[in-house]
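Chemist: the sequence and its predicted three-dimensional model are supplied below.
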Amino acid sequence: MKISIDIDCTPLEARRFLGLPDVEAMQKVMMDKLQERMLSALASTDPDMLMKTWLPAGLAGLEQWQKMFWAAAEGAANSGGSRSKKG
């Protein structure tokens, strides 16, 4: 036997029915503070300085990955040709 019940209510009505606290005012205050902090941080960032800071480290890391892959490919190519057949 299968019984299903559909309840049509808003989230606020469901919270009140279940006895959960209304945190809407607190969420609004927190979101406003978060937005204010994000906007002030965004205004103080200089995109040119960020690129100068991040780009050299990113390129160096990319070059290291490239060298590692080339070394692995060369090692695989060299080890594949030096195998001897026993028979």
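Modeler: Now that the structure is in, tell me what you want to look at.

Chemist: just give me the longest helix of this structure.
Modeler: The longest helix of the chain (DSSP state H) is helix 47-81.

Chemist: wait, residue 15 sits on residue 9?
Modeler: No: the criterion here is C-beta atoms under 8 Å, and residue 15 misses it with residue 9 at 9.7 Å. All C-beta atoms are positioned from the backbone trio N, CA, C, and that covers glycine.

Chemist: more neighbours, these two?
Modeler: residue 15 (15 against 10; other C-beta atoms under 10 Å).

Chemist: could you check the pLDDT of residue 86?
Modeler: pLDDT, residue 86: 53.

Chemist: wait, residue 74
Modeler: On the pLDDT scale, residue 74 gets 88.

Chemist: just residue 37 next, same as before
Modeler: 93.

Chemist: before we move on, what about the one 3 residues further on?
Modeler: Looking at residue 40, its pLDDT is 88.

Chemist: look up phi and psi at it.
Modeler: Main-chain torsions, residue 40, degrees, to the nearest 10: phi -70, psi -40.

Chemist: one more: residue 4?
Modeler: According to degrees, to the nearest 10, residue 4 has phi -130, psi 140.

Chemist: list the buried residues in the lowest-mean-pLDDT helix or strand in the chain.
Modeler: Lowest mean confidence among the helices and strands of the chain (mean pLDDT, DSSP states H and E): helix 47-81, at a mean of 78. Along helix 47-81, no position meets the burial threshold by neighbour count (16 or more other C-beta atoms under 10 Å).
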